[in-house]
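# Build me a model from this:
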Amino acid sequence: MAKINLRKYYPDFYKTDYIIDVPDEVATLMDTYEHADAAYYLRRYRHKAYYSLDRGDGIEYEILFVALNPCEIYESKVTAEQLHAAISALPDKQAKRIYAHYFMGMSKSSIAKAEGIGESAVRDSINRALQNIEKLLK
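Have a look, this model is predicted:
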């Protein structure tokens, strides 16, 4: 049995020394937690990280996300609508190939295998579709 002072672990609750006997495993565990806590504070001090990285409140996202103003939101919406209108104006095969390659992330060779044609035909079709989209958006 080991003796621990509860005031050391709970200073807000115990204002005077309060010593109790606990099993050795509990005392070891309390020391382990105390060492881990000290190591955390030391890492925080060295890296000047005065916030919790594992808090899960989205601080990482907020740092990377730049808030858009209303004009930028409207512009991106209009651009997306124009792009979808231009893709829908393409011939069916070109539109399907553009959608499969750029939106679904399929490679040109996998599109060619799925359609049972050569990869060069898919590549040429996608290039023509991009040229048509460029003409429609200008």
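
# for the protein, what are the low-confidence residue spans?
50-63, 65 (pLDDT under 70).

# in it, which helix has the most residues?
helix 24-46 (DSSP state H).

# And for it, what's in contact with it?
Helix 24-46 is contacted from outside by 1-2, 4, 9, 22, 49-50, using CB atoms under 8 Å, 6 or more residues apart in numbering. From N, CA and C alone the C-beta is placed, and that goes for glycine too.

# Sort out which of those residues are buried, if you could.
Ile4 (16 or more other CB atoms under 10 Å).

# now, which of the contacts of helix 24-46 lie within strands?
2, 4, 22 (DSSP state E).

# mind putting those residues in TSV, distance to Gly105 included?
Below are the ones in strands among the contacts of helix 24-46 laid out as TSV (distance: CB to CB, whole Å):
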residue	distance to Gly105
Ala2	59
Ile4	58
Val22	58
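
# residues near Ala112, how many?
19 (other CB atoms under 10 Å).

# repeat for Pro23
Neighbours of Pro23 (other CB under 10 Å): 10.

# how about it, what does it touch?
By CB under 8 Å, 6+ apart, the neighbours of Pro23 are 1-2.

# how much space between it and Tyr10?
As for Pro23, its distance to Tyr10 is 18 Å (criterion: CB to CB, to the nearest Å).

# ok, now which ones touch Ile4?
19-20, 22, 26-27, 30.

# of all those residues, which comes closest to Gly116?
Met30 (69.0 Å; CB to CB).

# Counting by contacts, list what the helix or strand containing Val122 packs against.
Using DSSP states H and E, Val122 sits within helix 119-137. Applying 3 or more CB pairs under 8 Å, 6 or more residues apart in numbering; DSSP states H and E, we find helix 119-137 packed against helix 70-88, helix 92-98, helix 108-115.
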